[in-house]
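In: Pasting the sequence and the predicted model now:
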Amino acid sequence: MRETPPGDGAATGAVLASARDLGIARNGRWLVQGIDLCVRRGEIVTLIGPNGSGKSTTAKAVIGLMKADAGSVWRTPGLRIGYVPQKLAMDRTLPLTVARLLTLTHRQPRAAVHAALEAVGIPHLANAQVHGLSGGEFQRALLARAMLRDPDLLVLDEPVQGVDVQGEAALYSLISQIRERTGCGILMISHDLHVVMAATDTVICLNGRVSCRGTPQAVISNPAYQRLFGRTGADMLAVYRHHEDGTAPCGHAGHDHQAEPDEAAPGSQAPTNRPAEARHAG
Ligand SMILES: Nc1ncnc2c1ncn2[C@@H]1O[C@H](COP(=O)(O)OP(=O)(O)OP(=O)(O)O)[C@@H](O)[C@H]1O
């Protein structure tokens with residue numbers, strides 16, 4: 001990890017974690033390259049992009065689960081991270097209560113478990129079996145599990161997977177409330193667009209590299225975004241404008257950068273010798 005965070009524009013909260021010129025390569029192929037990002041306290045940053053565009057890889061590198069092969073990652077010392085991965089390596093058919101799911105890896109007092117479930121709106125499900133939960137309830141349980149660590153930075157990889165459209169809105173609203181209540185920073189990943197745009201301060205649109213970034217409004221009208229998402233992107237513009245007219249909580253701590261050219265698709269050849277790895281890894 002680097003010793004100091006990069007200076008990064010107008011957002012005012014303390015920097016929790018950042019990446020500069022981050023590259024991750026596997027089997028001689030760059031999965032992501034040239035990624036700059038920064039998450040500050042109280043800020044919601046969302047990575048969007050098509051399947052395989054490097055969203056999870058980027059998030060894993062930011063929290064230290066994947067090593068940088070180029071560039072660098074910085075995290076504030078002592079940073080507490082709550083992570084909800086895209087896939088949880090567990091068999092949902094096994095007998096397991098929600099309360100137990102929350103304490104599988106870290107023992108927690110019963111009161112803390114109850115408070116976490118209360119915070120995500122499912123206190124009544126503490127003794128329910130995990131396999132009986134709906135998609136939205138399961139995602140809330142995972143959120144509660146991440147909240148138990150009292151995180152400074154919450155990293156949510158596809159937090160609305162398996163949830164219907166109404167449930168999505170409720171979950172994004174819950175995520176915004178968590179940010180308001182705790183002041184944590186949130187790095188969120190989504191491969192779809194939906195209401196995620198309206199619930200976000202800063203959007204980073206990935207396609208192996210950063211295609212464009214900025215406020216949801218700036219990104220959505222950016223040609224690089226429209227190239228990536230085509231018709232869907234245009235539709236979302238209408239949705240977003242509708243939200244702007246009345247309903248969307250679009251507070252603003254984000255930076256509004258110019259579009260960056262979408263230079264290289266993922267999968268371009270990685271160099272065989274990577275001196276940056278030794279210098280910046282971690
Ligand atoms: N450990 C790994 N080894 C080799 N390739 C990997 C590894 N992890 C990810 N990849 C590849 O890197 C690319 C980016 O994957 P990643 O999971 O970051 O994409 P994503 O944008 O999160 O995709 P999705 O929307 O499908 O979840 C994919 O082509 C994937 O197959």
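Out: Arrived safely. Numbering: from 1, shown residues only.
In: who's in contact with the strand or helix carrying Gln166?
Out: For Gln166, the enclosing helix or strand under DSSP states H and E is helix 165-182. With contact meaning C-beta atoms under 8 Å, 6 or more residues apart in numbering, helix 165-182 is reached by 42, 44, 119-121, 134-136, 139-140, 143, 147, 150-151, 154, 156, 159-160, 163, 184-186, 188, 194-196, 198-199, 249. In this view, the C-beta of every residue, glycine as well, is placed from N, C-alpha and C.
In: Buried residues of that helix, list them for me.
Out: When burial is assessed from 16 or more other C-beta atoms under 10 Å, helix 165-182 yields the following buried residues: Gly167, Glu168, Ala169, Ala170, Leu171, Tyr172, Leu174, Ile175, Ser176, Ile178, Arg179, Thr182.
In: Can you show me the helices along the stretch 1-150 of the chain?
Out: With helices called from DSSP state H, counting those that start in this stretch, the stretch 1-150 of the chain shows them at 55-62, 98-103, 110-119, 135-147.
In: ok, Ile44 to Gln139 distance?
Out: 17 Å (C-beta to C-beta, to the nearest Å).
In: more neighbours, these two?
Out: Here Ile44 and Gln139 are set side by side on neighbour count (other C-beta atoms under 10 Å), and the busier one is Ile44, at 27 against 24.
In: was I right about that one contacting Ala199?
Out: Yes: shown here, Ile44 and Ala199 form a contact pair, counting by C-beta atoms under 8 Å, at 6.7 Å.
In: Tally up the residues packed near the spatially closest residue to Gly183 that is not a sequence neighbour, please.
Out: Spatial nearest neighbour of Gly183, chain neighbours left out: Gly42 (5.2 Å); criterion: C-beta to C-beta, 6 or more residues apart in numbering. Using other C-beta under 10 Å, Gly42 has 20 neighbouring residues.
In: mind checking how far Gly42 is from Thr182?
Out: With distances defined as C-beta to C-beta, the gap from Gly42 to Thr182 amounts to 9 Å.
In: Repeat that for Ala14.
Out: Using C-beta to C-beta, we find Ala14 at a distance of 14 Å from Thr182.
In: can you check Met188 too?
Out: Taking C-beta to C-beta, one finds Met188 at 15 Å from Thr182.
In: got the residues of this protein near the ligand?
Out: Those residues of the chain that sit near the ligand, judged by C-beta under 6 Å from any ligand atom, are 26, 31, 49, 51-57, 86, 191, 266.
In: Pull out the buried residues from these.
Out: Among those, the ones that count as buried by 16+ other C-beta under 10 Å are Leu31, Gly49, Ser53, Gly54, Lys55, Ser56, Thr57, His191, Pro266.
In: farthest-separated two in those residues?
Out: Greatest spacing in those, by C-beta to C-beta: Leu31 and His191 (15.2 Å).
In: can I see the domain layout of this structure?
Out: Domain ranges of the chain: 16-80+153-274, 87-150, per automatic domain parsing.
In: which of those has the lowest average pLDDT?
Out: Across the domains of the chain, the stretch with the lowest average pLDDT is domain 16-80+153-274; it has a mean of 79.
In: how far is that one from where the chain is centred?
Out: With C-alpha atoms, centre = their mean, to the nearest Å as the basis, the distance from the averaged C-alpha position of domain 16-80+153-274 to the chain average is 6 Å.
In: separation between Asn127 and Leu102?
Out: Counting by C-beta to C-beta, the gap from Asn127 to Leu102 is 12 Å.
In: of these two, who's got more company?
Out: Counting neighbours by other C-beta under 10 Å for Asn127 and for Leu102 shows that Leu102 has the greater number, 23 against 9.
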